[in-house]
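Engineer: sharing a model that was predicted from the sequence below.
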Amino acid sequence: MRLGGRLSAAIEILHDIETRHRPAADALRDWGLSHRFAGAGDRAAIGNIVYDALRRRRAAAWLFDSDTPRALAFGGLLMESGTAPETLNASFANDRFAPPPLSETELNLLRARLGEDLPEGARANVPEWCEPLMRAAFGADWIAEAAALSGRPPLDMRANTLKASREKVLAALARCGAAASRIASAGMRIAPVAGDGRHPNVQAEPAFRKGWFEVQDEGSQIVTELAGAAPGEQVLDFCAGAGGKTLAMSAMMDNRGQIHAYDADRQRLAPIFERLKRAGCRNVQVVADEERLAPLLGRMDLVLVDAPCTGSGTWRRRPDAKWRLTRQQMEARLAEQSAILDAASRYVRPGGRLAYVTCSIFPEENAAQAEAFLARNPAFRLADHDAQWRKRFPAHAGAVRIDGGIVLSPAMTGTDGFYFACFERGAE
Ligand SMILES: C[S@@+](CC[C@H](N)C(=O)[O-])C[C@H]1O[C@@H](n2cnc3c(N)ncnc32)[C@H](O)[C@@H]1O
């Protein structure tokens, strides 16, 4: 397919996402299934146009004074590629699958707007109602932080040290362009794709099938390292889901001690069994019924709450979720977070710790939850996060924002946005 055909496909898929309120990944997959002639390269290029349009939706809409799928697709492509509008039009010549070229009116508007500074909202590319939340999180840096959340993400992996060192995995992945990541101790990174490229399918690599590594954002690896599960400890992973952090903790514990991996939603836990087997984790017990946690009350060295949240820190990877999120949904997550924190805290032994994690950058889900938890639960006190960060990552002192706990973000740490807070239960 030529660029024009790919752009037409992206417009069709954006239309599907907008009108049927579908997740972008589902709309792309369905398009691929009904257009089998399109090769992997075409599908990747179309996916890039769709995701770029969604990541920079407000800027694209401002460029065209319109938020139709056509405006978003053209706008995202022009901004990401830096192509001149006239050059794009010229590339449609003799391409019967190309969309109608940019009209004179559109060209005139673009000529004016591409030379102007984008207004704040368009530079930030977040929904209007989220702007005060971003300001509260990052103060004067909020636009730069929001803009970094609108970029393309890298592909991050974690070497599974139960089976292989990072050096060994990097050697096995040499042709994929992976390098050691900056902060996480077992992290590896493949840079964001450029142009119409795509990341290699690392899960098809023999090293993946042998369990030598997992795909996991570096931010997720960092917060798990901060939680600090140690060999021999008793750990409860209270929101284990598919087990991303369970697996990482098992490796940190060198398979010694015990992790109890619980999730309120059985379906979410389903993939964990296969993952544990492949990764060679032998110190994990999966628990699907809350009643079965009763013997653990007051006995855990560490309880990890990887809470359900708005996911605002992951908008680079799931830009469609950015525009679907509502204040009501956020309120629902806030209520869940405080209830889960209270429930999970009951399992911490005197002298033990409770780690709270979200993949959100909004203070209401983060520092405000931490503060409210401490006010409700005087047996706990906030850990010294600055000291904790410096101890764990001495080469990166000052790389993060301390807001009650620790804030990570694409602009500060080059990772997804995450929050980590640790509460220590007093010894009795
Ligand atoms: C952020 S996800 C967990 C991701 C997982 N820890 C990982 O690293 O792959 C949040 C999880 O919390 C679970 N959850 C929601 N409400 C819960 C509750 N009341 N108790 C325990 N888990 C809950 C959800 O089912 C979901 O799997």
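Structural biologist: Now that the structure is in, tell me what you want to look at.
Engineer: hey, which strand is longest across the protein?
Structural biologist: Counting by DSSP state E, the longest strand found in the chain is strand 348-358.
Engineer: CA atoms only: put that one into PDB for me.
Structural biologist: Extracted C-alpha coordinates of strand 348-358, given in PDB (Å, rounded to 0.1, in the frame of the first residue of the first chain):
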ATOM      1  CA  VAL A 348       0.500  -6.000  57.100                       C
ATOM      2  CA  ARG A 349       2.400  -7.300  60.200                       C
ATOM      3  CA  PRO A 350       3.500  -4.900  62.900                       C
ATOM      4  CA  GLY A 351       6.800  -3.400  61.500                       C
ATOM      5  CA  GLY A 352       5.800  -4.400  58.000                       C
ATOM      6  CA  ARG A 353       5.100  -2.200  55.000                       C
ATOM      7  CA  LEU A 354       2.200  -1.400  52.600                       C
ATOM      8  CA  ALA A 355       3.300  -0.200  49.100                       C
ATOM      9  CA  TYR A 356       0.700   1.800  47.100                       C
ATOM     10  CA  VAL A 357       1.200   2.000  43.300                       C
ATOM     11  CA  THR A 358      -0.900   3.600  40.500                       C
END
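Engineer: just after it, pick out the following helix or strand.
Structural biologist: Going down the chain from strand 348-358, the next helix or strand is helix 367-376, by DSSP states H and E.
Engineer: tell me the strands beside the very next helix or strand once past that following helix, with direction?
Structural biologist: Note on helix 367-376: by DSSP H and E, the next helix or strand toward the C-terminus is strand 380-382. Strand 380-382 has these partner strands in its sheet, going by DSSP bridges: strand 418-425 (antiparallel).
Engineer: which other helices and strands does the longest strand of the chain contact?
Structural biologist: helix 218-227, strand 300-306, helix 327-345, helix 367-376, strand 418-425 (3 or more C-beta pairs under 8 Å, 6 or more residues apart in numbering; DSSP states H and E). In short, each C-beta sits where N, CA and C put it, glycine included.
Engineer: go again using 6 Å as the cut-off
Structural biologist: strand 300-306, strand 418-425 (3 or more C-beta pairs under 6 Å, 6 or more residues apart in numbering; DSSP states H and E).
Engineer: let me have those in JSON lines, extended by distance to the ligand and mean pLDDT.
Structural biologist: Below are the helices and strands packed on strand 348-358 laid out as JSON lines (distance: least, C-beta to the nearest ligand atom, whole Å; pLDDT from 0 to 100):
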{"stretch": "strand 300-306", "distance to the ligand": "4", "mean pLDDT": "98"}
{"stretch": "strand 418-425", "distance to the ligand": "11", "mean pLDDT": "98"}
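Engineer: name the helix or strand for Ala171, please.
Structural biologist: Using DSSP H and E, Ala171 sits in helix 166-172.
Engineer: could you dump the helices and strands packed on strand 348-358 to TSV with mean neighbour count?
Structural biologist: Converted to TSV, those look like this (neighbours: other C-beta atoms under 10 Å):
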stretch	mean neighbour count
strand 300-306	25
strand 418-425	25
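Engineer: nearest to Leu149, out of these?
Structural biologist: Shortest distance between Leu149 and the helices and strands packed on strand 348-358, using C-beta to C-beta, is found for strand 418-425: 12.3 Å.
Engineer: how about the closest one as CSV, C-alpha atoms only?
Structural biologist: Output of strand 418-425 as CSV, limited to C-alpha atoms (Å, rounded to 0.1, in the frame of the first residue of the first chain):
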residue,chain,number,x,y,z
PHE,A,418,3.6,6.0,37.9
TYR,A,419,3.1,6.8,41.6
PHE,A,420,4.7,4.9,44.5
ALA,A,421,4.1,5.4,48.2
CYS,A,422,5.2,3.2,51.1
PHE,A,423,3.5,3.2,54.5
GLU,A,424,5.3,1.6,57.4
ARG,A,425,3.2,0.0,60.1
